[in-house]
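A.B. asks: Next one to model:
(one chain, ligands or ions: 1)
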Amino acid sequence: MPGKQPNLFAFESVDALAPALRAYVIECQNAGLTRHGAFKVGISGGSLPQTLAQALLAPAQSDDDRVQFDKWEIFFCDERAVPLDHEDSNYGLLKKDLLDRIPAGAPQPTVHPIDTQYLDDAQELADQYEQLLVRSFASRDSVKLPIFDLLLLGTGPDGHTCSLFPGHPLLRETDAWVAPIEDSPKPPPRRITLTLPVVTHAVRLAFVATGAAKRDVLKRILEVGDGLPCALVNEATGDRCSWFTDNAAVEGVSFPRRSFL
Ligand SMILES: O=C(O)[C@H](O)[C@@H](O)[C@H](O)[C@H](O)COP(=O)(O)O
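C.D. replies: As a prediction, the model looks like this:
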């Protein structure tokens, strides 16, 4: 692990986690604004958008607590090869849970969905999304890899994150920024995903994992590692990576907790 371990934050409940997640995201937003006048964030699917909405849609407590959505550029950590209004679409999920709930007339984020004219060809879909990243990141950052200000990640019961699954050859991808997957064990099978080098290159990464159903996998990831995708991310990113969990998810998991200040 590079230097330090990931930060593990455990909260009493999702209601207690949400304000801390908000504070963390705003810190990353403000760092991005200082660095390059924008906040480039990658968002996952699953349960994340709902928790994120709870965090971000609450009224600001002060000027420093403002979510400056008009400075946000939102990308997708992974996406399913379905139309944007399909129930499996991560864009659709984010739209329903968060984007549609940002008050009309308030500043809106710039959102980068997949180009749905390539749904039948996962390789082309991935290539097009990679080109979009090249256009957005390459002029400013190193062209070797994009540098997201923040990636917001989830974990599945098998330890996957994004659409990077345990034991899958995609974990060895070193060239592409965005890769297709045709055999995702979690349906639907055809997807695109950020690759591991891109994920681990982000300035900050936050996993959000709550509920007792996550306990077994968090034990494996944090205690053993087991080569699971989430553990690979932890190992490569150290304390750039933070885990936002609730007590139910980490009960009995032996890993040092940090208090969120
Ligand atoms: O598109 C996807 O399938 C998600 O991006 C996926 O990687 C998700 O983050 C995890 O499966 C956790 O999902 P839950 O939060 O629903 O457990």
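
A.B. asks: Tell me the residues on the chain that lie near the ligand, please.
C.D. replies: Proximity of the chain to the ligand, by CB under 6 Å from any ligand atom, involves residues 44-48, 77-78, 90, 154-156, 160-162, 186. Yep, even glycine has a C-beta here, placed from its N, CA and C like the rest.

A.B. asks: Let me see the confidence value for Thr110.
C.D. replies: At Thr110, the model reports a pLDDT of 98.

A.B. asks: Setting aside sequence neighbours, what's the nearest residue to it?
C.D. replies: Leaving aside its chain neighbours, Thr110 sits nearest to Glu73 (5.0 Å; criterion: CB to CB, 6 or more residues apart in numbering).

A.B. asks: Show me what the one you found is bridged to.
C.D. replies: Note on Glu73: beta-bridge partners by DSSP bridges are Lys40, Thr110.

A.B. asks: Of the residues of the chain next to the ligand, which belong to strands?
C.D. replies: Members of the residues of the chain next to the ligand lying in strands (criterion: DSSP state E): Asp78.

A.B. asks: Only whichever of the residues of the chain next to the ligand are buried, select them in ChimeraX.
C.D. replies: Command for ChimeraX, covering only those of those found buried under the criterion 16 or more other CB atoms under 10 Å:
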select :44,45,46,47,48,77,78,90,154,155,156,160,161,162
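
A.B. asks: Look at the closest residue in space to Arg191 that isn't next to it in sequence and say how many residues are nearby.
C.D. replies: Ranked by CB to CB, 6+ apart and with sequence neighbours excluded, the top spatial neighbour of Arg191 is Ser163, at 4.5 Å. The number of residues packed near Ser163 is 28, by other CB atoms under 10 Å.

A.B. asks: Could you pull up the contacting residues of the closest residue to the ligand within the stretch 51-200 of the chain?
C.D. replies: Closest approach between the stretch 51-200 of the chain and the ligand, counting by CB to the nearest ligand atom: Gly154, at 2.5 Å. Contact analysis of Gly154 by CB atoms under 8 Å, 6 or more residues apart in numbering lists Ser44, Gly45, Gly46, Ser47, Leu48, Thr161, Phe207, Val208, Ala209.

A.B. asks: ok now do the fifth one, which residues does it touch?
C.D. replies: This means Leu48. With contacts defined as CB under 8 Å, 6+ apart, Leu48 is in contact with Leu152, Leu153, Gly154, Val208.

A.B. asks: Look up how far Gly42 lies from it.
C.D. replies: Distance, Leu48 to Gly42, by CB to CB, to the nearest Å: 11 Å.

A.B. asks: Does the residue most central in space within the chain belong to a helix, a strand or coil?
C.D. replies: Central residue of the chain (CA atoms, centre = their mean): Leu152, 2.5 Å from the mean position. Three-state call for Leu152 (DSSP: H, G, I helix; E, B strand; the rest coil): strand.

A.B. asks: pretty sure it is touching Val41, no?
C.D. replies: Yes - with contact defined as CB atoms under 8 Å, Leu152 counts as touching Val41 (6.7 Å).

A.B. asks: Now do the shared contacts for the two.
C.D. replies: Val25.

A.B. asks: in the stretch 151-261 of the chain, which spans are helices?
C.D. replies: If DSSP state H, counting those that start in this stretch is used as the criterion, the helices of the stretch 151-261 of the chain fall at 196-200, 215-219, 229-237, 247-250.

A.B. asks: what's the answer for the stretch 1-150 of the chain, then?
C.D. replies: Along the stretch 1-150 of the chain, the segments classed as helices by DSSP H, counting those that start in this stretch run 14-36, 48-56, 90-97, 122-137.
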